[in-house]
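>>> Structure for the following, please:
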Amino acid sequence: MAAKRPYVQLFSLHGLIRSNNLEMGRDADTGGQVKYVMELAEHLSQREDIGRVDLFTRLIADKRVSSDYSAPIEAVNDKFRIVRIQCGGRKYLRKERLWPHLEEYVDKTIKFIKRNGAIPDIVHGHYPDAGYVAMQLADILGLPFVYTGHSLGRAKKARLSDQGMSETEMIRRFKIDQRIDAEEQILVRADRVVTSTRHEIDEQYGLYHNKDVPEYQVIPPGIDIDTFYPYYHDTEDDTERSEMSRYARASMLKELNRFFMNPEKPLILALSRPDKRKNIDGLVEAYGRDLELQSMANLAIFAGLRKDIDAMAENEKEVLTQMLLDMDKYDLYGKMAIPKKHDFEYEVPALYRIAAEKGGVFINPALTEPFGLTLLEASASGVPIVATNDGGPNDIVRNCENGILVDVRDLSRISGALRKIIADRALWDRYSKNGIMNVRKHYTWQSHAGTYAETIHKLIGEGKKTDLKTAKPTDALGKRLLHLDRFLITDIDNTLIGDDNTHLDALIELLTKYRERIGFGVATGRTSDSTRAILKKYGVPQPDVIICSVGSALFYGDKTKPNPGWASHIANRWNREKVIELLDDIDFLEFQEEENQKRFKVSYYMDPGKDRLAAVHDRLLGQRCRYNLIYSHDRYLDILPFRASKGKAIRYLSYRWEIPLRNFLVCGDSGNDEEMLRGEPRAVVVSNYSHELGVLKGSRNVYFADKPCAGGIIEGLKHYRFIDESLGE
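Residues are numbered from 1 along each chain as shown. Reported below is the predicted structural model:
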């Protein structure tokens, strides 16, 4: 029997991603990562052993960018789609502003997966934002998880610190703390961390506390050798070239010539985003200081895409402004070209070949370079390279013997290496030939995709899917929930378990028998540990969902950490310390024991008394607090975030897993159950209920059972024909 061809989901959230005319360099978020994920997805989809590839990114509907980015689905070929999921609104946001919205992205991706009826076999996150999303999905759905960092937060933090930036400023501008925390979590959870170079593992991941936990794999990216063909093909009459390719060459020559007094000189070419890390100012200064180099060659810097520098992000504005100031300082007019735009599909390949024809050099002067894809593109086209000795270029030059590595902080070394290659034609020829031949030997996309495919087949084989029809409590819960459309949620104390447990075994038998059709959850005021302990004591099977601490925490299955999606949802405008401070001097409130206090729950003991609840409300509302207050059993007062409650948690489950509220059966006995018993879900009040629930008599969708505890729940199941409906009867 032939092996199943896997369905691969790739995640790359930030930047602008579409299938054609990539806007590379438009901003700091639309760089090499965007190109890499597109190439990876496309070449994977072309393989016979891969079933489908979906590349997930963010949906953007913003007049500042093309409407292409607002299409929910973009079919690239018959096996590859770009899927756009909205989060954090519809405006284009830089990556640092996406962190508060990642849980929303997870929720909506789960909904997408359920609607499409296809669970992926593996997920792969790119950069920490998408890595976090992929990690959450892997945990929920029980999938293998692959991660590629592209750049790393601890390395960035060290670099910014060296430049004098305070940690407070790093957190404010770059959310560096959240990024590093996510990266540390990812390293613990990832089944494989893919890197471009060994240097990345040793020098960059080596900075992390969890550096020794994951298994790393070096898979160098590839390039499209049909696009980046050798320069001498353009001089051969029998070379087939598209009209667009011919036009791009003519257009680039015209663009360069309008800057240069002597356009026939060799060309030093640089191509990067306008980012301080790319060290554009260092290159201009090195060229500006070296009069001999100026006499030998022209310099062309393609620093992203720009219309109006004043309208650009601060980092980009600073880089471009400094470039212009340095150009003026060293009087490089007529020797230095700074075009405002270029297209990556045709014009960039043409630029490399033009530089090679002129006997020029391609330079990457970045302070650090995780890999260096442009170095491969230039080398494949026949241009010798000069590059930073920090990072990926070490591997490239070792494999290709195609140029010189330098310490780019020493400007004399930059200019010296450029002069050396341009002045020595024999050396130029050797580096040019080596680049052309060795890039094709070591760095093709076919090779990259092949190695990657072998890796994911192995990972999928190690974590085979379980049969949902024979699912056990230890199975990946998310896969199970994707196939359920019915849920029983019950309170524990005096509802599921109480003074009369004569029907508890019968209820447990029903839950076990129909588990493949009906989900089971509890909603309680207990803590998670207390909940698990009481259920274990009475032999109740592991619930699919635990809503605990009166709805302020939600756990899936046997997970020991609360679900971050629910936590993120209820955290909005919650100020726990302010609530405690405001209620501190009210004498009829007694602060409960520390084990009952939680991040999203402040708990008190309060005896009944005239206007006492009103006094608490007045105190909190008077200071414009947003909260939810629950008083139950004439004793327990809980203050929660305004979005938190048992009922709201059930609505969240309904939304996240696309299970209609009508298909929830909820059971309770006391005042802290009242809110979840109202509304669309079908509700059961057991006969031993507290007087607070008397107000629900006569309410639509609320059934008052004749039996107490588990017996009342079974009675409610029969009353609503809940099991019969699940069987389609």
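>>> How is the residue lying farthest from the centre of the chain assigned, secondary-structure-wise?
The C-alpha centroid of the chain is most remote from Lys610, which lies 51.3 Å away (C-alpha atoms, centre = their mean). Put simply, Lys610 is coil when judged by DSSP: H, G, I helix; E, B strand; the rest coil.
>>> Now do the phi/psi pair for it.
phi -60, psi 130 (degrees, to the nearest 10).
>>> residues touching it, list them.
By C-beta atoms under 8 Å, 6 or more residues apart in numbering, the contact set of Lys610 is empty. Yep, even glycine has a C-beta here, placed from its N, CA and C like the rest.
>>> same question, Phe588
When contacts are counted by C-beta under 8 Å, 6+ apart, Phe588 touches 606-607, 609, 612.
>>> Leu583 now?
589, 602, 604, 616, 619-620, 639.
>>> which one among those residues gets closest to Ile280?
Ile280 has its nearest neighbour among these in Val602, at 52.8 Å by C-beta to C-beta.
>>> so which strand or helix has the closest residue to that closest one other than its chain neighbours?
Leaving aside its sequence neighbours, Val602 sits nearest to Ile639 (C-beta to C-beta, 6 or more residues apart in numbering; 4.4 Å). Secondary structure from DSSP states H and E places Ile639 in strand 636-641.
>>> for that strand, the distance to its chain's centre please.
Offset of strand 636-641 from its chain centre (C-alpha atoms, centre = their mean, to the nearest Å): 33 Å.
>>> So what are the sheet partners of it and their directions?
strand 602-605 (antiparallel), strand 627-632 (antiparallel) (DSSP bridges).
>>> before we move on, back to that, report the contact partners of the residue nearest to Val602.
With C-beta under 8 Å, 6+ apart, Ile639 has these contacts: 579, 583, 601-604, 620, 627-629.
>>> tell me, what residue is most central in this structure?
Ala130 (1.5 Å).
>>> Could you pull up the contacting residues of it?
Going by C-beta under 8 Å, 6+ apart, Ala130 touches 11-14, 56.
>>> Of the residues you listed, which pair is most distant in space?
For these, and using C-beta to C-beta, no pair is farther apart than His14 and Phe56, which are 11.9 Å apart.
>>> Looks to me like the residue nearest to the centre of the chain is in a helix.
Yes - per three-state DSSP, Ala130 lies within a helix segment.
>>> contacting residues for the nearest residue to it once chain neighbours are set aside?
The spatially closest residue to Ala130, leaving aside those adjacent along the chain, is Phe11, at 3.8 Å (C-beta to C-beta, 6+ apart). By C-beta under 8 Å, 6+ apart, the residues touching Phe11 are 55-57, 123-126, 130-131, 133-134.
>>> rerun that using 6 Å as the cut-off
Phe11 is in contact with 56, 125, 130, 133-134, counting by C-beta atoms under 6 Å, 6 or more residues apart in numbering.
>>> Which one (most neighbours) among the residues you listed?
Ala134 (31 neighbours; other C-beta atoms under 10 Å).
>>> I'd like to know how many residues surround Gly359.
When neighbours are counted by other C-beta under 10 Å, Gly359 registers 19.
>>> Assign it to helix, strand or coil.
Under three-state DSSP, Gly359 comes out as coil.
>>> Now for the protein, the helix or strand with the poorest mean pLDDT.
When each helix and strand of the chain is scored by mean pLDDT, DSSP states H and E, helix 198-199 comes last, with a mean of 86.
>>> Quick check: buried residues in the helix or strand that that one is followed by?
Following helix 198-199 in sequence order, the next helix or strand is strand 216-218 (DSSP H and E). Across strand 216-218, burial judged by 16 or more other C-beta atoms under 10 Å covers Tyr216.
>>> Residue numbering should commence at 57 henceforth.
From this message on, residue numbering opens at 57, which makes the last subject strand 272-274.
>>> Parallel or antiparallel, which strands does strand 272-274 pair with?
Strand 272-274 has these strand partners (DSSP bridges): strand 248-251 (parallel).
>>> can you pull the alpha-carbon coordinates of the partner strand into CSV?
Provided in CSV are the C-alpha atoms of strand 248-251 (Å, rounded to 0.1, in the frame of the first residue of the first chain):
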residue,chain,number,x,y,z
ARG,A,248,12.7,19.6,14.8
VAL,A,249,14.4,23.0,14.5
VAL,A,250,15.5,23.7,10.9
THR,A,251,18.5,26.0,10.5
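>>> hmm, who's touching that strand?
Applying C-beta under 6 Å, 6+ apart, the contact partners of strand 248-251 are 202-204, 257, 270-275.
>>> for the chain, what are the low-confidence residue spans?
57-59, 293-296, 519-531, 785 (pLDDT under 70).
>>> domain ranges for it?
When the chain is parsed with automatic domain parsing, its domains come out as 63-274, 287-497, 524-628+699-782, 629-698.
>>> Just the terminal-to-terminal distance for the longest one.
What that stands for is domain 63-274. 23 Å (C-alpha to C-alpha, to the nearest Å).
>>> returning to that earlier point: reformat the strands paired with strand 692-697 as a markdown table; add mean neighbour count and distance to Met300.
Listed next are the strands paired with strand 692-697 as a markdown table, based on neighbours: other C-beta atoms under 10 Å; distance: least, C-beta to C-beta, whole Å:
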| stretch | mean neighbour count | distance to Met300 |
| --- | --- | --- |
| strand 658-661 | 20 | 65 |
| strand 683-688 | 19 | 60 |
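>>> Could you measure from Ile470 over to Pro440?
14 Å (C-beta to C-beta, to the nearest Å).
>>> Run the chain-centre distance for the helix or strand hosting Ile452.
Using DSSP H and E, Ile452 sits in helix 449-456. On the basis of C-alpha atoms, centre = their mean, helix 449-456 sits 30 Å off its chain's mean C-alpha point.
>>> mind checking the SS state of Asn327?
Residue 327: Leu, not Asn. strand.
>>> Tell me how far Arg409 lies from Trp501.
Distance, Arg409 to Trp501, using C-beta to C-beta: 20 Å.
>>> Roughly how far does the residue nearest to Gly665 when sequence neighbours are not counted sit from Asp690?
Leaving aside its chain neighbours, Gly665 sits nearest to Phe644 (6.1 Å; criterion: C-beta to C-beta, 6+ apart). Taking C-beta to C-beta as the measure, Phe644 falls 13 Å from Asp690.
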